[in-house]
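> Have a look; sequence and predicted model below, questions after that.
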Amino acid sequence: MKKVLIALLTAVALSATSMAFAADAPKTSAKDECLLAAKNCKDQVDSIQQKIKRINTEIKKGKKVYSAEELKKLQQKLKEADDILNNLEKPGH
Amino acid sequence: MKRSRVLAAVLTLGIVAAATSAFALENEFHGLFSARYINSNFNGTNTTSFSDGARYGGDEHYMPQGKPKDVFSANFIEQRARLQYIAKASADLKLVTQFELDYTYWGNSSYGLNAAPAGFSAAGRNGGGAIGADTVNLETKHIYLDANVAKNVNMKLGMQPYNDAFKGVLFDADMAGIAFSSGYNKFIPSIGYFRFNDTGVQQDKVLGHLTNDLFLLDGKYEVSKGLKVGAAYYLFRNNSFTTNSNLLNDIAKQDVKMSTFGLNAEYTTGPLTLNGFGVFQVGTANQRATTAWALNSGAKLKVGPGTARCEFLYVSGDNNIATGHSNAFYSVFNHIGLAEHGYYDNEMAILGRDKNAYTTDNSIISTAGNDAQGQIGGYIGYDLPINAKLTTAFNAGFAAVAKENANKPTNNKTGMKNGSNYLGTEINAEATYQLLEGLSVGTRVAYVILGDYYKDVALNGTPVNPYDAKLIFKYVF
């Protein structure tokens, strides 16, 4: 019983670690789950300019990697990022 | 023994689960820092401060009348930082916060509210720029929840940035409220309610009874890839102690019921983009029946190495500021004489609101209604990128008031109002260089040749033509 439990816990712990490593080494044909669904974002600290650049890179991958629904979501993320930048730079009192 | 093993396993699982859920929360930090040197005979002088302008960097409106025609040049440095923190629980739920720390000008005050001697502005908001610093000057700009509460339905709840669909001529500010928007293929409808002010404590001691509110309906539709159209309805109901939309320095109990209807469109074909809007208002403003309107058109054309731009804006005004039917345009103001709207597409720095202005934010036409005089303006410009790091822009603007009324300054020599409604011609140029990723240094120089609207309105003649030069360091992350 104890061995089974330890094995189970080890498996869970390892899967979490490997997910984090996966995020560190994105592949050109892979989906960016952090952008899409706020998953695997552990080591991602982007400036707003980097974020905009990253979303644009993902959008350029197009339908080879993303579904139409996912591309729409990325477009929405791009608009949100643009809004953040505009709000930071917004003039006035 | 067996019981303790089970307990240990449950605890371990709990720790793992907690760690996993902690990973799910994404913390996002962004911000801005900017310091700018300003040399001007406009900003930071008494022609743009009719009350305690030294505290806030000006009172937004150019008022040279009754003051010496020659103005000493002001030299000062303004500083701003903005910090944004977003707590994202999932792709569908996040809390957005943003804070601001301003020094209107270096050297203004320090050591808190009670430590400001005569001649210095008090500390607090925008203060703390003098030696010693140590001042509580944190401003909270945004605190709102952004949630996709159902498929295709987004809700924003709390203090949030929100702007109209008409280039900011009605409202563009941080405001508390709730707004829903949806996305059905090419149609994006929005509905929202905002409470601008509740001055019940000053009025009848009942909160929510006499307030300044906005209800809005907005729709955008993508007819084709090149053509987008939109329509909006805004209901303004203001029953609070706030600024009179027709006179900036009149802060009193308002009674406004104003329905605003508007249409907008944007058409792109090849290198050309055309856009514009029409806004019509009907209602009452302080017991005066009002119909008012604004018309705009804009164009951008990629030509040569850069992009040429032009803008036109007409806003109706009225000859009479006190009685009878009014054509004075209604826009949103706060309770301290400042506009909570702004038209920036004309790229002016003195004639209209400056896109680079922070707390020092003054202009000749500082509000859409322009003290019930309205406005007519034509603007041209050219954006010229030199290379990947250096961009430049050149602009010219020509503006007049639409109607003469009692708010027009008086000619000191004749004792009458000048016949001309022409405010002036502005030319400005800017250049921005990217020093590092995120950090830029830029300069913008503007000069206005005043029109005969201002002829001999100063104490001893016609006011000197205003200029403004800024050197701006800006870091955004």
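Alright, I've got the coordinates.
> how about low-confidence regions in the chain?
In the absence of a named chain, chain A is used. A:1-28, A:38, A:41-44 (pLDDT under 70).
> You answered for a different chain; I wanted chain B.
The low-confidence ranges in chain B, as defined by pLDDT under 70, are B:1-24, B:50-59, B:113-123.
> so where do the helices sit in it?
B:2-24, B:53-56 (DSSP state H).
> got it, and chain A?
Under DSSP H, chain A gives helices at A:2-24, A:33-37, A:48-61, A:68-89.
> export the second one as CSV, just CAs?
In this case it means helix A:33-37. The C-alpha coordinates for helix A:33-37 follow below in CSV (Å, rounded to 0.1, in the frame of the first residue of the first chain):
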residue,chain,number,x,y,z
GLU,A,33,-0.6,26.7,-23.8
CYS,A,34,0.4,29.6,-21.6
LEU,A,35,-1.0,32.1,-24.1
LEU,A,36,-4.0,30.0,-24.9
ALA,A,37,-5.2,28.8,-21.5
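> Please name every helix or strand in contact with it.
Counting contacts by 3 or more C-beta pairs under 8 Å, 6 or more residues apart in numbering or on different chains; DSSP states H and E, helix A:33-37 packs against helix A:48-61, helix A:68-89. No exception for glycine: its C-beta is placed from N, CA and C like everyone else's.
> Contacts only, for residue B:230.
B:165, B:218, B:219, B:220, B:221, B:263, B:264, B:265 (C-beta atoms under 8 Å, 6 or more residues apart in numbering or on different chains).
> with these in mind, which one is nearest to residue A:80?
Taking C-beta to C-beta as the measure, residue A:80 lies nearest residue B:220 of those, at 16.4 Å.
> Against residue B:349, how distant is the closest one?
Computed as C-beta to C-beta, to the nearest Å, the residue B:220 to residue B:349 distance reads 31 Å.
> So which of the two has more stuff around it?
Neighbours per residue (other C-beta atoms under 10 Å in any protein chain shown) separate residue B:220 from residue B:349, with residue B:349 holding more: 31 against 19.
> if you skip the residues just before and after it, what's nearest to that one?
Spatial nearest neighbour of residue B:349, excluding adjacent residues (C-beta to C-beta, 6 or more residues apart in numbering or on different chains): residue B:446 at 3.7 Å.
> is it true that that neighbour touches residue B:467?
Yes: if you go by C-beta atoms under 8 Å, residue B:446 and residue B:467 touch, sitting 6.5 Å apart.
> Contact partners for the residue of the stretch 351-477 of chain B found nearest chain A?
Across the stretch 351-477 of chain B, the shortest distance to chain A (C-beta to the nearest C-beta) belongs to residue B:477, at 4.2 Å. The contact partners of residue B:477, taken as C-beta under 8 Å, 6+ apart, are A:47, A:48, A:49, B:30, B:31, B:32, B:438.
> how about the strands in the stretch 301-450 of chain B?
Using DSSP state E, counting those that start in this stretch, the strands of the stretch 301-450 of chain B run over B:306-315, B:375-385, B:390-400, B:422-436, B:439-450.
> The shortest one packs against which elements?
Think strand B:306-315. strand B:288-303, strand B:375-385.
> switch the cut-off to 10 Å
strand B:272-285, strand B:288-303, strand B:375-385, strand B:390-400 (3 or more C-beta pairs under 10 Å, 6 or more residues apart in numbering or on different chains; DSSP states H and E).
> Quick check: buried residues in it?
Across strand B:306-315, burial judged by 16 or more other C-beta atoms under 10 Å in any protein chain shown covers B:306, B:307, B:308, B:309, B:311, B:312, B:313, B:314, B:315.
> If we only consider those residues, which is nearest to residue B:65?
Nearest to residue B:65 among the buried residues of strand B:306-315 is residue B:315, at 21.9 Å by C-beta to C-beta.
> so that closest one makes contact with residue B:371?
No: Residue B:315 is not in contact with residue B:371 according to C-beta atoms under 10 Å; the separation is 11.5 Å.
> which residues are common contacts for those two?
Here residue B:315 and residue B:371 have B:328, B:365, B:401 as joint contacts, going by C-beta atoms under 10 Å, 6 or more residues apart in numbering or on different chains.
> Distance check, residue B:223 against chain A.
Using C-beta to the nearest C-beta, to the nearest Å, residue B:223 is found at 18 Å from chain A.
> Quickly list what the closest residue to that residue other than its chain neighbours is bridged to.
Closest residue to residue B:223 apart from its sequence neighbours, by C-beta to C-beta, 6+ apart: residue B:229 at 6.0 Å. Beta-bridge partners of residue B:229, counted by DSSP bridges, are residue B:221, residue B:265.
> I figured residue B:229 hits residue B:265, correct?
Yes: the pair residue B:229 and residue B:265 passes the contact test of C-beta under 10 Å, sitting 4.8 Å apart.
> Give me the common contacts of those two.
residue B:223.
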